[in-house]
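> predicted model, plus sequence, below.
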Amino acid sequence: MTTTSTSPAVRARRGFHTRRWLLTLLTYLITAVFLFPLAWMILAAFKTEAQAFATPPVVLFTPTLDNFHRAWGAYLPALTNSLVAALGSTLLAFVLGLPAAFALAVYPTRRAQGVLTWMLSTKFMPAVGVIVPLFLLFRNLHLLDTLPGLILMYTTMNLPLVVWMMHSYLTEIPAAIYEAAKVDGASVGQEFFRIALPLSMPGISATALLALIFAWNEVFFALNLTSSAAAPLSVFIGQFKTSQGLFWAQLSAAATLTVLPVLVFGWIAQRQLIRGLSFGAVK
Amino acid sequence: MKKSVLKHAALMTAILVAGSSALAQGKKVEFFSWWSGDEGVAANALFKLFEQKYPGVKVVNSAVAGAAGTNAKAVLKTRMLGGDPPDAFQVHAGQELIGTWVVSNRMEDLTPLFKSEGWLTKFPKDLIPLLSSKGGIWSVPVNVHRSNVMWFVPANLKKYGVTAPKTWDEFLTTCQTLKGKGLQTPLSVAGGFAEQHLWESVALGTLGTQGWNDLFSGKLKFTDPRAVKVWDTYGKVLDCANKDMASLTWQQATDRVVKGQAAFNVMGDWAAGYMSSTLKLKPNVGFGWAPSPGTAGTFMFLSDSFGLPKGAKDRTEALNFLKVLGSKQGQDVFNPLKGSIAARLDSDLSKYNVYSQSAAKDWKSNKIVGSLTHGVVAPESFMNDFGTVIDTFVNGRNAQAAAAQTQALADQAGIGK
Amino acid sequence: MRRVNRDQLTALAVLAPSLVLLAIFVYGFIARTAYTSLTDWGRDPSQALAANPVIRYIGFANYKDLFTGFLDARFRQDLVSALFFTVFFLAGCLLIGLLLALMLDRNPRGEGFFRTVFLFPMSLSFIVTGTIWAWMLQPSGGVNRLSPLVGLPAGQFEWLTSRTSIWQFDWNRLPLVTALVVAAVLVWVAVTAYREGARTRGHVAVACAALLALWALTGGVTVKLLPYPEPHGFNLAFVGIILAAVWQMAGYTMALYLAGLRGIPEELREAARVDGASERQVYTRVIFPLLAPITLSAMIILGHISLKIFDLVFAMAGPDNTQTDVPALLMYITAFRGNQFAKGAAIGVVLLVMVAAVIVPYLASTFRREART
């Protein structure tokens, strides 16, 4: 999927200049339509409330940073919560999931595939199917509205993803390398730390990005299990919206701050995103 | 890798411990509400008064803004169930508190406080029973709003040659007159709670004060022909209203009256605050009001009140706070800023605006009934589904079905038991 | 020999924490939810939030209420809405995704850039997408104000609050319709069975179909689940939500299709052209059939997302807009606002069964495929 690969079929049809020109135009048009909503939001973040509400929409205006200043105070704690929850859960999911993926990849028993599929199945289950007992457990353990509680939940959510993705990366390491290490008398631990870990670094970073994005974007658990002290950005935006629907410019500023990291990460991890969502349907 | 996890966990624990112990120093009282913006200003005035009276006690304001308290209620539930109740929390007086937190045995009875402060005679006598159940009084009402008010612009009514209708039948006639004169939607209604809000005014106006009370004491069934007629009337009233209800906020519905796109609007008296403060209209000139049709002499109230949850961490301070909330001085500091009236009968009316003075006069002389939409007469479990019943009715207009559904809801919620 | 055993033990030891965690937090809690759904927890308000609630087993009463109790019309509308939403969301994503993929496949100049643009909405959270689109679709601004820019009157459509519902049917007719549909399927099964010469299977299918049809004509016409007719249909308020959802996920189907198109060897296309196929026939006869498995995967992955949808609707229309309600949202309101925990759990289980019906066959086939290789 490189940009320079031009299929022969296309070369063969070089004659259809107008059609290609039209196609290009159409592509740009659709691109504009795709970008429009986000662009509109980011523009609104720099407008005054009055300008954001104006009809017809104001296109030329003097940008202001007021909205960011005003949103900042409430944004910062939510940002901290989101960062801690996303990083903490990703780390924990790797601590648990990476050795598990290694074990499944290096000792492929008959059951390995079954275990993987079973783990994967947990990822598809709707959150509403577990939320009631979960809420009770959190209540009894005093985990409601705490970051450790949220981290625990996101770890469980990302664990199957980490195992599944890392398994597919680890199986790409040729068995011969392990065999050679075994001949040299390496222990299982050494195989893991000396071979698997360094060789799957690209896979680890890609999977970690994906886990971070999923935790960052999660809403349902956050909404039900946290309320104020541990509320991450998703809850912050959700409450901001329902409470103050009339402050669109300010909301846009908060939302812009929220999506910025994801836009960057998402751009880097684009292909992993597709892979992660499809669970092996596409590689 | 393991090491860093431990470090991380240790760090986080340290932060959490540090955070909670910092709060533990010094006396404090935590005040939980959904007041922000203008209402937050009123609440701050209360805090100031309290801190003057009880020096050395800090008020911790944990307001959760937005969505008419929906967000705050969710947070409250999480905290109550999580064993971390705030010292005093805002709740609509009546069944909204009783049906959720009193029945589950999580509130303290405030009868001793009412007795020691002499409040039993300071509030209207119709009010106390609505705050009570099982022999206890459960919350201190801070303010009072009126639900059954119809708003209009006097000059516009004059222009059309009509007056504010006295009954719903008269309203329907007026509606036809106005339609005949080219006003397509004589009544403007907003979406969501406003549809239920209109329903309770129609019901009160159709059934009368006694009928309304009987409905919620179980003496009058929702399936009684008289109660079914409420739905018929409600349907006819809706025929006079705009069709795009769901996309309007209550402020936008009020705007339509002000702009002359509609003649009437039924809304709680916070609309007076909106029209006088935000739209800068003069009471009795820029906007006028009357009890909603058929409800003259009756004050359908709702009230923000504060209760004392069992297990409150600063019980003594919380009780002191409630004392300030229920005092004449406290109520007269808070309410003029909030745009509501005092629940007490002895407030100093010179501090209030023109509308509030008229409302306070009615509060003293009228019969008092509780609002349904705003939590006085029915518990949350009823209200949660009643919205669906209204919605189904608005789409399908089946009065029999709506009445039967409401009765089933009432049975389920234990109304009239 | 000993080495192998020790390795297996190590493998088990490192796997165990993950397995236990998932077993408890997912399947353990699902079992617990299923049990809760069979109790009366929340029916008595005084027990709902009590410190030690008294909870009784009441069998399937909550499910009976959901499907035939006349207070739960909202749940039934939500089911219908979820199905309509899924159908249109899938159709939109597949169609637009395919078009985008074909576009980029035929004109790959700047493909990297375009692909990035089409994919970027995917990395946003639904709550942000919802926030943006809610603003764009508000009745008196946004999209409705675009038409005046080209000289047309402003749009009047109430994107998220319209009360118009189309393709309505009466819920009371559901058993009848179900019986007739199942009978039709059985007839089709019988026909194929006879064609394949499986006479017994054919006879059984015909007999069942006949029984169902007989019941439909005698009892089915008069059966009434509810005391009143209860129309359900496709709420037009969903159109805006579908638009936003397609905007977010169309890039994903595009990426899947693009990968599929790139996987088709050029020789195949050439061979078809040599055989005299027109350019359109190359697509309809060669390329599209080869993309069918991708379509199926995409349908399943997007289908389970759309059945579970919560955050997008929550952010776009709020939890109280009954016109755009979906089962997950109703579950949230029922359990956490109405304190009806058991009924909420029952809604969760119904949703779970629907998702499982989509996912389990897919996982089973994936498993068999992977196990073979």
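Cool, the structure landed. Numbers count the residues shown, from 1 in each chain, chains lettered A, B, ... in the order given.
> what about the longest helix in chain A?
helix A:66-106 (DSSP state H).
> beyond that one, next helix or strand please.
Sequence order places helix A:111-124 as the next helix or strand after helix A:66-106, per DSSP states H and E.
> quick one, that following helix and helix A:66-106 angle?
Note on geometry: by axes from the mean of the first three to the mean of the last three Cα atoms, to 10 degrees, helix A:111-124 and helix A:66-106 are set 160 degrees apart in direction.
> hey, C-alpha coordinates of helix A:111-124 in PDB?
C-alpha atoms of helix A:111-124 as PDB (Å, rounded to 0.1, in the frame of the first residue of the first chain):
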ATOM      1  CA  ARG A 111      -5.600 -25.300  22.500                       C
ATOM      2  CA  ALA A 112      -3.800 -22.100  21.800                       C
ATOM      3  CA  GLN A 113      -6.100 -21.100  19.000                       C
ATOM      4  CA  GLY A 114      -9.100 -21.900  21.200                       C
ATOM      5  CA  VAL A 115      -7.700 -19.800  24.000                       C
ATOM      6  CA  LEU A 116      -7.100 -16.900  21.600                       C
ATOM      7  CA  THR A 117     -10.600 -17.100  20.200                       C
ATOM      8  CA  TRP A 118     -12.100 -17.300  23.600                       C
ATOM      9  CA  MET A 119     -10.200 -14.200  24.700                       C
ATOM     10  CA  LEU A 120     -11.200 -12.400  21.600                       C
ATOM     11  CA  SER A 121     -14.900 -13.200  22.200                       C
ATOM     12  CA  THR A 122     -14.700 -11.200  25.400                       C
ATOM     13  CA  LYS A 123     -13.900  -8.100  23.400                       C
ATOM     14  CA  PHE A 124     -17.200  -8.300  21.500                       C
END
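> run through who's touching it.
A:104, A:157, A:159-161, A:163-164, A:167, A:279, C:15, C:18-19, C:22, C:26-27, C:304, C:355, C:359-360, C:363, C:366-367, C:370-371 (Cβ atoms under 8 Å, 6 or more residues apart in numbering or on different chains). Glycine gets a C-beta too; all of them are placed from N, C-alpha and C.
> quick one: the residue of the stretch 101-250 of chain C found nearest chain B and chain A, what's the gap?
The nearest approach of the stretch 101-250 of chain C to chain B comes at C:Thr161, 3.6 Å away (Cβ to the nearest Cβ). C:Thr161 is 13 Å from chain A, where distance means Cβ to the nearest Cβ, to the nearest Å.
> just the element for that residue, please.
Per DSSP H and E: C:Thr161 is located in neither a helix nor a strand.
> contacting residues for it?
Taking Cβ under 8 Å, 6+ apart, we find C:Thr161 in contact with B:191, B:244, B:246-247, C:139, C:237, C:317, C:321, C:323.
> among the contacts of helix A:111-124, name the ones in helices.
Per DSSP H, the subset of these in helices is A:104, A:157, A:159-161, A:163-164, A:167, C:15, C:18-19, C:22, C:304, C:355, C:359-360, C:363, C:366-367, C:370-371.
> which residues of the stretch 1-150 of chain A lie near chain B?
Residues of the stretch 1-150 of chain A lying close to chain B (Cβ under 8 Å from any Cβ of the partner chain) are A:84, A:88, A:91-92, A:94-95, A:138-139, A:142, A:144-148.
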